[in-house]
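[1] just the structure for this:
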Amino acid sequence: MRHTLLYTLLMASLLAVPARWAKAQEETREALLHINKPFYVTGEVIWYQLYLPATLKGQLFTLKATLLDEQGQAADVSFISSKGLPFCQGYYFIPYNLPSGMYRLWFTATTEGGALHTLAMGAVPIYNDLQPLPKDIPASEVAATPTQPAGVLAVRIEMESALPLRPRQPLRLRVWVQGQSGEPVDAWGSLSIRDEQLCGKKVMAGATLFSGLPIAAAQRYRSGINWPGSVVDEEGAPLKTPLLGVIGVDDGRLLFTKADKEGKFLLTLPEYSGQQRWQFIDHAAPGLKVQWEHPTPPAPAPPLAYTQGILDYLSYSRQRKKIYQLYAAQETPLASTDADQMNALPGWEPTFSYIVPNYERFPDMATFFQEVVPMVRFPERRNGFAVTLYNPASQDYFSAPPLFIIDGKATRDASFVAALNPAYVEQVDLLTSPSQLRAYYPAIGAGGVIRIRTNLPSLILPEDQEDDIFSLPGMQPVAGFPAQDKDLNLPALRPAVLWLPALQVQSEDGATVSLLHSDDYGEFCIEVVVQSEDGRRGSGRYCYSVER
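    Just a heads-up that it's a prediction; the model follows:
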């Protein structure tokens, strides 16, 4: 139908460069994205492998994986590392409440000069099977499966198990890779096995391979978690500063970046997993405001297609959810091996420390400091409190006001500290050692540091300061495709039967893959994508049947 043809053309125009392969004897210059299925439903996992050009081998840099919605807004952001390899892998667990839409998986990297480069982008249809269907769904036929060239390398897949298979029967297969002259080739690959009847060409003619833009051979990318943005002062003018401080609220780390005359900066954070909070602070501009840079994504996404196969898939998906709910299980459980380090205080020893509950209950922290802490002058002035901290090294008070760090959050607002209820405060630490101040709080700790720990579940600073705190995603936690459960009492109903992102194919012996099949029957297809040491690529496909 014309509607399907238009949809297919829009899908092609979505990508800056259509999926393509390097010609014979030519070195591949672009990245290649391989996803395990042509479409997804909420509660499922997008598994992907990004192949990099051979020219990037050995480079240790960080890639940003962004899931864009139909309006081009980021629905999710995470970072993955190349680890110096010619490929990197990752996943995205689709939340159950994510709206249906044509999403795009966008991979970018930051150059040494601070520019953002697009490496690859793939169109990812996502359906929410728990939401009502759109009104007046247009009748849509399924076009032919997009042609995927074989590439320079030939991939051969052989089934070693006797066919036809039965549900829950062991499956064993072999994979070999050959060059143009038939010679065996060493290669790395990604392997996907999926239910062809549920998500094959009769259901959705979507692609699973997407090629990116050409990458210059001499291109170099940055490591670390990179966030570009700009900063303005309290008047809204661009703030130029050589020392723009950023404090890790959750781990106490202090980092610095610089903002140019236009206020633009590139914040490079050390690698961490999950979400962490970061607070901007500048010793000379307390009223600064941060604005993040959001690159403009490519052209709008095409409309989401609904075929009879898709409608059937959504019905089956709802049934699977009920079955797994009955067994208190999950279709695709993710087991992360990363642990976040939360609320780790910096490793400095306080010059003086006070356990607040050990003292008389004062009406506020201003009175506590005035009555209990002689090292701190806390007088009240007409326009608020003026606090200074005693410096034993010079036997005089610091000329600058101290920096307060309350539950990891930084402030110089003495009036806010003065009004705190001592009943909520557990401990007060003073840092006055000049050498430690230079080591842990250079530039911003010239007046000493007063650290306060409370028992509050979530301390909130004044609004203008709280606005300078951002929860930023870090490196994607490590997780793998779940192993098949051998317990026959538990269901094994997965349209995505297997995903192997790091399949190593030896030139002579090939690669052997063994698994226990799912409970489903019907037609299944194996898809393998490979890349050799010198950057040559290829793909192969093999389909088989499972009988009742």
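
[2] which ones are touching Asp312?
    The contact partners of Asp312, by C-beta atoms under 8 Å, 6 or more residues apart in numbering, come to Val203. For every residue, glycine as well, the C-beta is placed using N, CA and C.

[3] now the end-to-end length of stretch 210-229.
    Using C-alpha to C-alpha, to the nearest Å, one end of stretch 210-229 lies 29 Å from the other.

[4] and Leu209, how far from Val177?
    As judged by C-beta to C-beta, to the nearest Å, Leu209 and Val177 stand 17 Å apart.

[5] so which strand or helix has the residue most central in space within the chain?
    Centroid check for the chain by C-alpha atoms, centre = their mean gives Ser78 as the closest residue, at 1.1 Å. When elements are assigned from DSSP states H and E, Ser78 belongs to strand 74-81.

[6] report the buried residues of that strand.
    Residues of strand 74-81 classed as buried by neighbour count (16 or more other C-beta atoms under 10 Å): 75-76, 78-81.

[7] could you dump these into a markdown table and include distance to Glu44 and pLDDT?
    Below are the buried residues of strand 74-81 laid out as a markdown table (distance: C-beta to C-beta, whole Å; pLDDT from 0 to 100):
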| residue | distance to Glu44 | pLDDT |
| --- | --- | --- |
| Ala75 | 15 | 94 |
| Asp76 | 14 | 96 |
| Ser78 | 17 | 96 |
| Phe79 | 22 | 97 |
| Ile80 | 19 | 97 |
| Ser81 | 25 | 96 |
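
[8] and these, which is closest to Gln89?
    Nearest to Gln89 among these, counting by C-beta to C-beta, is Ile80 at 7.5 Å.

[9] that closest one contacts Leu52, correct?
    No: counting by C-beta atoms under 8 Å, Ile80 does not reach Leu52; the two are 11.4 Å apart.

[10] can you show me the helices along this structure?
    Remark: helices assigned in the chain by DSSP state H are 2-14, 196-199, 308-326, 365-372, 414-418, 434-440, 463-466.

[11] now do stretch 428-447: distance to the chain's middle.
    Counting by C-alpha atoms, centre = their mean, to the nearest Å, stretch 428-447 is centred 34 Å from the centre of its parent chain.

[12] rewinding a little: which of the helices of the chain sits closest to Asn97?
    Across the helices of the chain, closest to Asn97 is helix 308-326 (C-beta to C-beta), at 13.4 Å.

[13] ok, which stretches of the stretch 101-250 of the chain are strands?
    Counting by DSSP state E, counting those that start in this stretch, one finds strands in the stretch 101-250 of the chain at the ranges 101-110, 116-127, 153-159, 170-178, 187-195, 209-214, 225-232, 241-248.

[14] does Asp534 touch Thr55 like I think?
    No: between Asp534 and Thr55 there is no contact under C-beta under 8 Å: 10.7 Å.

[15] got the buried residues for stretch 109-119?
    By neighbour count on 16+ other C-beta under 10 Å, the buried set for stretch 109-119 is 109-110, 117-119.

[16] among those, which one sits closest to Tyr424?
    Closest approach to Tyr424 among the buried residues of stretch 109-119 (C-beta to C-beta): Thr110, at 41.4 Å.

[17] which residues pair with that closest one across the strands?
    Counting by DSSP bridges, Thr110 is bridged to Leu116.

[18] what pLDDT does it get?
    Thr110 is assigned a predicted lDDT (pLDDT) of 96.

[19] residue contacts, the nearest residue to Asp396 once chain neighbours are set aside?
    In space, and not counting its chain neighbours, Asp396 is closest to Tyr390: 7.7 Å by C-beta to C-beta, 6 or more residues apart in numbering. Shown in contact with Tyr390 (C-beta under 8 Å, 6+ apart): 374-377, 396-398, 432.

[20] give me the neighbour count for the residue lying closest to Ala393 once chain neighbours are set aside.
    Among residues not flanking Ala393 along the chain, Pro434 sits closest, at 5.4 Å (C-beta to C-beta, 6+ apart). Neighbour count for Pro434, taken as other C-beta atoms under 10 Å: 15.

[21] does Val546 really touch Val497, like I thought?
    No: with contact defined as C-beta under 8 Å, Val546 does not reach Val497; the gap is 9.6 Å.

[22] intersection of neighbour lists for the two?
    With C-beta under 8 Å, 6+ apart as the test, Val546 and Val497 both reach 517, 524.

[23] still on that earlier bit, helices and strands around the strand holding Ser78, which ones?
    Applying 3 or more C-beta pairs under 8 Å, 6 or more residues apart in numbering; DSSP states H and E, we find strand 74-81 packed against strand 62-68, strand 87-93, strand 469-473.

[24] quick check: angle from the shortest one to strand 62-68?
    Meaning strand 469-473. 100 degrees (axes from the mean of the first three to the mean of the last three C-alpha atoms, to 10 degrees).

[25] now strand 469-473: buried residues?
    Counting neighbours by 16+ other C-beta under 10 Å, one finds that the buried residues in strand 469-473 are 469-470, 472-473.

[26] same check, this time on stretch 208-215
    Neighbour-count burial for stretch 208-215, counted by 16+ other C-beta under 10 Å, picks out 208-212, 215.

[27] so where is this structure shaky, pLDDT-wise?
    For the chain, the stretches with pLDDT under 70 are 1-28, 138-139, 142-150, 283-285, 297-299, 335-346, 485-488.

[28] for the residue lying farthest from the centre of it, which residues are in contact?
    When distances are taken from the C-alpha mean of the chain, Gln395 lies farthest, 49.8 Å away, according to C-alpha atoms, centre = their mean. For Gln395, the contact set (C-beta under 8 Å, 6+ apart) is empty.

[29] Leu255 - how many residues pack around it?
    So Leu255, with other C-beta under 10 Å, has 14 neighbours.

[30] also Arg541?
    Arg541 is flanked by 14 other residues according to other C-beta under 10 Å.

[31] make TSV from the buried residues of strand 74-81 and add distance to Pro270 to it.
    What follows is the buried residues of strand 74-81, written out as TSV (distance: C-beta to C-beta, whole Å):
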residue	distance to Pro270
Ala75	26
Asp76	21
Ser78	16
Phe79	12
Ile80	15
Ser81	12
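
[32] can you name the residues bridging to the residue nearest to Asp396?
    On the basis of DSSP bridges, Tyr390 is bridged to Tyr397.

[33] now it: how far from Met375?
    Taking C-beta to C-beta, one finds Tyr390 at 4 Å from Met375.

[34] what residues do the two have in common as contacts?
    Contact criterion C-beta under 8 Å, 6+ apart; residues shared by Tyr390 and Met375: Thr432.

[35] OK, contacts around the closest residue to Leu52 other than its chain neighbours?
    Nearest non-adjacent residue to Leu52, counting by C-beta to C-beta, 6+ apart: Pro86, 5.1 Å away. Residues in contact with Pro86 (C-beta under 8 Å, 6+ apart) are 51-54, 56-57, 188, 531, 533, 535.

[36] for Ile526, see how far away the residue nearest to Tyr306 when sequence neighbours are not counted is.
    If the residues on either side of it in the chain are set aside, Tyr306 comes closest to Ile137, at 4.7 Å by C-beta to C-beta, 6+ apart. Here the criterion is C-beta to C-beta. By it, Ile137 lies 32 Å from Ile526.

[37] between those two, who's got more neighbours?
    Neighbours per residue (other C-beta under 10 Å) separate Ile137 from Ile526, with Ile526 holding more: 22 against 13.
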